[in-house]
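**Q** this one's structure only:
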């Protein structure tokens, strides 16, 4: 099994605690509300959102994906970090065994934050992944972060 790691980060004027709460703690409520055209439902099928919980994201009909299933491996609310593993879905699982994500929201000098994301793609056998293999997923994730950022800027009291 091979491992390919990608890192990316972005800055936002939103406080780290609000981004962490919106994107990690309360994503199952917020995301379907603000992007119903893309995500139909997010629900916990095991657990209550803590470590060991399994969350299923169901996408809107007509899209590229139908569902993704993630397991929460680590959740540190004090340091605003979450580590989770994509364990099932209708993505490129012909090449991939699993994907491990780590996301952390760090305070920046302007009251906003830096979001740091690491993705480890564990491939089957000696399969190799190229960046273009995962580019679409990375772009969709960044798009979702931007939509959440815009929502939080418009609704200053939400997830405060």
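**A** Good, I have the coordinates. Remember, predicted model here, so these are calculated numbers, not experimental data.

**Q** now the biggest helix by length in the chain: mean pLDDT?
**A** Criterion DSSP state H: the longest helix present in the chain is helix 131-154. Average pLDDT, helix 131-154: 82.

**Q** So which elements touch that helix?
**A** For helix 131-154, the contact count by 3 or more Cβ pairs under 8 Å, 6 or more residues apart in numbering; DSSP states H and E identifies strand 3-12, helix 16-20, helix 27-34, strand 113-123 as packing neighbours. For glycine as for every other residue, the C-beta is placed from the backbone atoms N, C-alpha and C.

**Q** separation between residue 88 and residue 63?
**A** For residue 88, the distance to residue 63 equals 17 Å [Cβ to Cβ, to the nearest Å].

**Q** actually residue 51, not the one I typed
**A** Plainly put, residue 51 is 29 Å away from residue 63 if you go by Cβ to Cβ.

**Q** Let me see the contact set for residue 11.
**A** Residues in contact with residue 11 (Cβ atoms under 8 Å, 6 or more residues apart in numbering) are 108, 112, 113, 114, 115.

**Q** Give me the buried subset of the residues you listed.
**A** Using 16 or more other Cβ atoms under 10 Å as the burial test, the contacts of residue 11 include 112, 113, 114, 115 as buried.

**Q** ok, residue 108 touching residue 115?
**A** No - if you go by Cβ atoms under 8 Å, residue 108 and residue 115 don't touch, sitting 10.0 Å apart.

**Q** coming back round to it: have a look at residue 88 and residue 63 and say which one is more surrounded.
**A** residue 88 (15 against 12; other Cβ atoms under 10 Å).

**Q** A helix includes that one, no?
**A** No - using DSSP: H, G, I helix; E, B strand; the rest coil, the secondary structure at residue 88 is strand, not a helix.

**Q** bridging residues for it?
**A** With beta bridges defined as DSSP bridges, residue 88 has these partners: residue 69.

**Q** Wait, it touches residue 65, no?
**A** No - judged on Cβ under 8 Å, residue 88 makes no contact with residue 65 at a distance of 11.8 Å.

**Q** And the residue nearest to the spatial centre of the chain, how far from residue 110?
**A** In the chain, the residue lying closest to the centroid (Cα atoms, centre = their mean) is residue 141, at 6.5 Å. Note on residue 141: its distance to residue 110, by Cβ to Cβ, is 23 Å.

**Q** swap in residue 148?
**A** Residue 148 is 18 Å from residue 110, where distance means Cβ to Cβ.

**Q** Compare these two and say which is more crowded by neighbours.
**A** residue 148 (22 against 9).
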